[in-house]
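J.: What would the 3D arrangement of this be:
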Amino acid sequence: MSRTLALLTPWIIAGCAVDGDSIANTDEARISPNGTSLNGVALTGRPGVTLTGVAPAGVAANGIAIRMMTNSAPLSGKAFIGSKWTGHLSDGANVALRVDAAVQVASSDVWSYRVSALVGSAWRPLCVDAAGNPGFADSVSGTWNYAEGVVGGGAYHPDSNDFTLACRGSAVAKCVELGYKPWTGDAQELAACTRAIRADFCGDGTSFTVDGTTINIYDVAGIVPDGVGWQAEAEWTAEGASCVSGLQSTRFWQTGHETPSCFGHTVKAKRACGRGELGALITELPPPSTISKLPTR
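T.: Numbers count the residues shown, from 1 in each chain. Have a look, this model is predicted:
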């Protein structure tokens, strides 16, 4: 669920998160509202300037040099509280980041962190909720291309030296909490998941859904099993949708009301779509008469 946040000087910092310090169990996350937000964080002083990644080297609260972890989430455990890191912006500038609090996602090896960015001389929350309260972010190795409508837009680069901070509720954070984690060998599923959550059918970073549209998502590897039996919408790869089950069985038809330019060309309707033969992940939608949409925030 994407949420618009407070205006900060000289940047706008936007994100999604749960309220307070409570991190809910995410077992039900595969049947959940999707959204258009990729990572939930946007730092803009001028149009087009974004936080593209965080450098792997930081400084602990006691001044000791530290590095992101490589065999788990980049940040994992309470020992990272008080540490400082350097965020990279798309215009080539840097921003100082500080970890203020940590909580563990229930029944998971994922930790979420409340992070602040140094804006002028003040530390401001990197993620906030709809009420303006500081929120939490998940960390994941690699970076995403946040462009839309271009070749490479929305692509995940797991081999990047930087790591990503994704506000909870954004596509990246949802997918990590579902279980698609690079440190367990599921980088391709993670890439496919962020495409699927955002309905990025053409694989160019463009979302064709409405925030709050309910979907079911699962995969052929059994990381997230299917247990609903709704009508298949599409199969997904790291490059976008590989097929759809039918025009009227898609989010772009039912809620977005806009047909992607790739439909009928690189993405076609196929009767066999949904069997797991053409993609790593499968999305399903409720019957059209029962589709529920949450208010866009």
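J.: Tell me the helices and strands packed up against the longest helix along the chain.
T.: Ordering each helix of the chain by length in residues (DSSP state H) puts helix 187-197 first. On a contact count with 3 or more C-beta pairs under 8 Å, 6 or more residues apart in numbering; DSSP states H and E, helix 187-197 meets strand 156-157, helix 171-178, strand 214-219, strand 231-237, strand 240-244, strand 281-285. Every C-beta, even on glycine, is put in place using the N, C-alpha and C of the backbone.
J.: Give me the contact list for it.
T.: 34-35, 38, 140, 142, 144, 154-156, 158, 171-172, 174-176, 178, 180-182, 200, 203, 215, 217, 219, 221, 223, 234, 236-241, 279-281, 283 (C-beta atoms under 8 Å, 6 or more residues apart in numbering).
J.: Equivalent analysis for stretch 216-231, please.
T.: Residues contacting stretch 216-231 (C-beta under 8 Å, 6+ apart): 30-31, 178-180, 186, 189, 192-193, 196-197, 245, 249, 276, 279-287.
J.: Check the gap between the closest residue to Glu239 other than its chain neighbours and Thr52 for me.
T.: Take Glu239 and drop its neighbours on the chain: the residue closest to it by C-beta to C-beta, 6 or more residues apart in numbering is Gly203, 4.3 Å away. Distance, Gly203 to Thr52, using C-beta to C-beta, to the nearest Å: 19 Å.
J.: Of those two, which one has the most company?
T.: Shown here are Gly203 and Thr52; by other C-beta atoms under 10 Å, Gly203 has more neighbours (25 against 20).
J.: Report the contact partners of that one.
T.: So Gly203 contacts 153-155, 195, 239-241, 262 (C-beta under 8 Å, 6+ apart).
J.: Torsion angles phi and psi at Arg271?
T.: phi -60, psi -30 (degrees, to the nearest 10).
J.: confidence score at it?
T.: Here, the pLDDT recorded for Arg271 equals 91.
J.: and what of Ser83?
T.: Note for Ser83: predicted pLDDT of 98.
J.: mind listing what it touches?
T.: So Ser83 contacts 58-61, 66, 98-99 (C-beta under 8 Å, 6+ apart).
J.: Recalculate using a threshold of 10 Å.
T.: 58-62, 64, 66, 75, 97-100, 113, 115 (C-beta atoms under 10 Å, 6 or more residues apart in numbering).
J.: Spatially, what comes nearest to Val95 if we skip its sequence neighbours?
T.: Gly87 (4.4 Å).
J.: In a strand, that neighbour, correct?
T.: Yes: using DSSP: H, G, I helix; E, B strand; the rest coil, the assignment for Gly87 is a strand.
J.: And for it, the neighbour number?
T.: Gly87: 22 neighbours (other C-beta under 10 Å).
J.: Okay, and the beta partners of it?
T.: Val54, Val95 (DSSP bridges).
J.: same question, Trp236
T.: Applying DSSP bridges to Trp236, the residues it is bridged with are Ala241, Leu281.
J.: Arg114 too?
T.: Ala101.
J.: The one 10 residues further on too?
T.: Using DSSP bridges, the bridge partners assigned to Arg124 are Ala117.
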